[in-house]
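>>> Any chance you could fold what I've pasted below:
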Amino acid sequence: MIKHYSQKAVRCVLNGACIPLILLLGPFTHLHAQQIILDEDFEDGDFTVNPEWVGDLDDWIIVEENGNNLLRLDAEEAGQSHLSTGSVANYGEWEFTTRLDFFPTSNQNRAHVFLISDRSDTGDQPSGYAVRIGESGSNKFFRIVRFDEGESTVLVTGETLIEENITYRVRVVRDTDGEWSLFVAEGA
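Numbers count the residues shown, from 1 in each chain. Alright, predicted model coming up:
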């Protein structure tokens with residue numbers, strides 16, 4: 001499930017390289033008086049409409065698991081795959097649930113969930129902000145990164161170590177002053 005709260009719309013771009021990234025469903029409750037702009041749970045089984053996602057459509061599938069529809073990367077070849085849906089959001093709150101079924105992650109084999117991007121195809125030198133999932137080495141943490149024409153800078157590092165086959169609930173907040181917060185917990 002991908003939810004975004006803002007006074008504007010959202011751009012969520014999934015960018016991964018050979019990682020079975022699964023976005024899971026889960027009920028999210030908030031005591032905020034905010035407007036939900038995008039609430040995608042993939043229950044209709046079709047990510048090409050309502051909202052319309054564009055990108056490497058043949059690399060992604062919807063699978064059923066425990067009564068929930070999940071978006072999963074299913075690319076046949078190594079490389080980058082992405083999906084995106086349009087937005088004009090610059091601040092707000094994003095939530096999603098993810099699980100990496102393949103390990104080890106590395107600098108060449110990881111995922112990015114773009115929250116804000118200047119283009120729908122994030123494989124082409126993007127500028128924007130993303131949650132990085134996975135990296136080389138033993139300290140594999142969720143990180144908020146800023147991209148400037150494809151070059152990344154880490155802004156925030158989470159405290160939750162990424163492990164194989166664990167479901168993580170991720171929440172990112174950007175306030176109107178441009179300050180970022182990252183919250184990660186195990187479980188859906």
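
>>> Closest to the centroid, which residue in the chain?
Taking C-alpha atoms, centre = their mean as the criterion, residue 113 is the residue nearest the geometric centre of the chain, at 2.9 Å.

>>> name the element the closest residue to it other than its chain neighbours belongs to?
Closest residue to residue 113 in three dimensions, ignoring its sequence neighbours and counting by C-beta to C-beta, 6 or more residues apart in numbering: residue 131, at 4.6 Å. Every residue, glycine included, has its C-beta placed from N, CA and C. Using DSSP states H and E, residue 131 maps to strand 128-133.

>>> quick one: the helix or strand just after that strand to strand 128-133, angle?
As assigned by DSSP H and E, the chain's next helix or strand after strand 128-133 is strand 141-148. Relative orientation of strand 141-148 versus strand 128-133 (axes from the mean of the first three to the mean of the last three C-alpha atoms, to 10 degrees): 160 degrees.

>>> any idea of the pLDDT on the residue lying closest to residue 174 once chain neighbours are set aside?
Excluding the flanking residues, the one nearest residue 174 by C-beta to C-beta, 6+ apart is residue 91, at 4.6 Å. We have a pLDDT of 86 for residue 91.

>>> By average pLDDT, which secondary structure element in the protein comes out worst?
Here the helix or strand of the chain ranked lowest by mean pLDDT, DSSP states H and E is strand 12-17, holding a mean of 35.

>>> Direction included, what does the longest strand that the chain contains pair against?
Taking DSSP state E as the criterion, the chain has its longest strand at strand 151-161. With DSSP bridges as the test, strand 151-161 is paired with strand 141-148 (antiparallel).

>>> Buried residues in the partner strand, which are they?
141, 142, 143, 144, 145, 146, 147 (16 or more other C-beta atoms under 10 Å).

>>> Stretch 83-94 now?
Of the residues in stretch 83-94, 83, 84, 85, 87, 89, 91, 92, 93, 94 count as buried by neighbour count, 16+ other C-beta under 10 Å.

>>> Return the subset of those residues lying in strands.
Short answer: these in strands (DSSP E) are 83, 84, 85, 92, 93, 94.

>>> which two in the residues you listed are spaced the farthest apart?
83 and 93 (20.4 Å; C-beta to C-beta).

>>> before we move on, back to that, what's the first helix or strand after the longest strand of the chain?
Counting by DSSP H and E, the next helix or strand C-terminal to strand 151-161 is strand 167-174.

>>> okay, that following strand in CSV with CA atoms only?
Output in CSV follows, covering the C-alpha atoms of strand 167-174 (Å, rounded to 0.1, in the frame of the first residue of the first chain):
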residue,chain,number,x,y,z
THR,A,167,8.4,-7.1,6.2
TYR,A,168,9.1,-3.4,7.0
ARG,A,169,6.7,-0.6,7.4
VAL,A,170,8.2,2.7,6.2
ARG,A,171,6.9,6.2,6.9
VAL,A,172,8.6,9.3,5.6
VAL,A,173,7.7,12.9,6.5
ARG,A,174,8.8,16.1,4.8
